[in-house]
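>>> Sequence and predicted model, in that order:
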Amino acid sequence: MPAEDKSLLEETIGHFRRIARENRFAENAAVPHDADRCLVCRPEKASEDPFTIYVEVVARSIPERRPALDEDLVAAVNEDLALYGESQTITLGDLEQRKEEAMEAWRFWVRNALETGLELLSVHSPTSLEFSLEDAQGDPARERFVDEKIRFLTDAILGRKG
Ligand SMILES: [Zn+2]
């Protein structure tokens with residue numbers, strides 16, 4: 001990645017992480033910033049696939065609100081399960097022990113969190129793009145990138161295993 005790209009990407013990520021930290025991600029469109037240096041507003045300024053830029057921005061912002069595994073996070077995972085009609089629930093211990101069913105529920109939650117973030121970025125500005133994780137389907141590079149981000153979020157929030 002060219003150096004100028006990298007600094008714009010870091011600036012963009014920094015802006016959205018700050019917003020997430022202040023719990024203003026949902027109203028991100030209303031937060032003033034230099035749109036000319038924002039890769040969500042101006043994805044054409046980067047040489048990379050805009051999908052990966054958007055997913056990266058969301059993935060780096062999520063830990064600001066969910067820095068670590070706690071009961072609150074477990075409740076959020078269970079809420080997602082219930083929302084999708086799953087009767088199963090998981091416990092903090094299940095996730096700590098990385099039980100397979102709990103990890104499935106976890107990955108489901110992470111994908112939903114990424115999806116929600118992408119939805120919020122789509123209304124960021126008149127020039128921001130609309131993406132969903134479905135846009136990765138059938139595109140091996142994008143699919144690999146999403147998997148990588150799910151692993152990143154698992155390590156960042158649940159901690160590295162072993
Ligand atoms: Zn912007």
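Noted; the coordinates are in hand. Only a predicted model underlies this, so the values are computations on that prediction, with no experimental measurement involved.
>>> In this structure, where is pLDDT below threshold?
Low-confidence segments of the chain (pLDDT under 70): 161-162.
>>> near the ion, which residues of it show up?
Selection of the chain residues close to the ion by Cβ under 5 Å from the ion yields 35, 38, 40-41. (C-beta placed from N, C-alpha, C; glycine too.)
>>> and the two most separated of the residues you listed?
The distance between the two most remote of the residues of the chain next to the ion (Cβ to Cβ) is 9.0 Å, for 35 and 40.
>>> Find residues that contact each of these two.
Residues touching both residue 35 and residue 40 (Cβ atoms under 8 Å, 6 or more residues apart in numbering) are residue 125.
>>> So between those two, which is more surrounded?
In this view residue 35 and residue 40 are compared by other Cβ atoms under 10 Å, and residue 40 has more residues nearby, 24 against 14.
>>> Quick check: buried residues in the longest helix that the chain contains?
With DSSP state H setting the assignment, residue counts place helix 100-122 as the longest helix in the chain. Buried residues in helix 100-122, defined by neighbour count with 16 or more other Cβ atoms under 10 Å: 102-103, 105-106, 109-114, 117-118, 120-121.
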